[in-house]
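# Quick one, fold the following:
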Amino acid sequence: LPGVLAVGLPVAVGLIFRHFSASYQANSAIYAPGTVLPVPAIAGVPVNLAGAEAVAGLLMVGTIAGVLLAMLMNNGGGAWDNAKKFIETGQYGGKKSEAHKAAVVGDTVGDPFKDTAGPSLHVLIKLLATITLVLAPLFV
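Predicted coordinates:
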C-alpha cells in the first residue's frame, strides 16, 4: 500500500488539478501573431498548468519532508545504538541495570531506524521524483 501511494499520488494530484481546476478561456485567434498571450501558452495554444504546478509542489514538499524524516531516523537510530554501547561500558550501572534494559529496548527500535527505514526514504524520494519527471507531459 505505501508503494502504491508513492506511485499513485503524483499521478492523481496532477490529473485532478489539470482537469478540475479553472481552465483558461483565452482565444488565441483574436490576438495578432507574435503577441504575448495573457495566459500560459504552448505554440500559441493556451494551456492549463495547474496540474504541473500542483505536482511540482507535491514533489517539493515530499522531498523536504522525506529528507528531514530520513535524517531524524538515521541520527535517532544511531543515538539509541550508541546509548546502549555507552551503558555497556559501565556507565549508569552497566549491564543488568534498569538503564541497560531501557537501552536494549531503544536499540531494538534504533537498529531498524538507522539500517532500513531511514535509507529507504531516500529511495522513496528518488521514486517520487522519477515518477513525476516521467509523467510530466501528462500534467501539461
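# how near is G66 to A129?
10 Å (CB to CB, to the nearest Å). Backbone N, C-alpha and C define where each C-beta goes, glycine included.
# Next, count neighbours for the residue nearest to A52 when sequence neighbours are not counted.
Counting by CB to CB, 6 or more residues apart in numbering, F139 is the residue found nearest to A52 once chain neighbours are left out, at 4.5 Å. Counted with other CB atoms under 10 Å, the neighbours of F139 add up to 22.
# what does the model give F139 for pLDDT?
pLDDT recorded at F139 is 86.
# List the residues that contact it.
14-15, 17-18, 51-52, 54-55 (CB atoms under 8 Å, 6 or more residues apart in numbering).
# Looking at G66 and A129, which has the bigger crowd around it?
G66 (17 against 14).
# Now the more buried one. Nearest residue, chain neighbours left out?
Closest residue to G66 apart from its sequence neighbours, by CB to CB, 6+ apart: I125 at 4.4 Å.
# just checking, the one you found touches V67?
Yes. The criterion here is CB atoms under 8 Å, and I125 meets it with V67 at 6.9 Å.
# and the next element down the chain from the top helix by length along the chain?
Longest helix in the chain by number of residues, with DSSP state H as the criterion: helix 50-88. Moving toward the C-terminus from helix 50-88, the next helix or strand (DSSP states H and E) is helix 98-112.
# sorry, back to before: need the contacts of F139 in a markdown table (columns: neighbour count).
A markdown table is the format used below for the contacts of F139 (neighbours: other CB atoms under 10 Å):
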| residue | neighbour count |
| --- | --- |
| G14 | 25 |
| L15 | 16 |
| F17 | 20 |
| R18 | 21 |
| G51 | 22 |
| A52 | 20 |
| A54 | 19 |
| V55 | 27 |
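# and those as CSV, adding distance to V4 and pLDDT?
Listed next are those as CSV, based on distance: CB to CB, whole Å; pLDDT from 0 to 100:
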residue, distance to V4, pLDDT
G14, 16, 92
L15, 16, 92
F17, 20, 91
R18, 21, 89
G51, 20, 89
A52, 23, 90
A54, 19, 92
V55, 17, 94
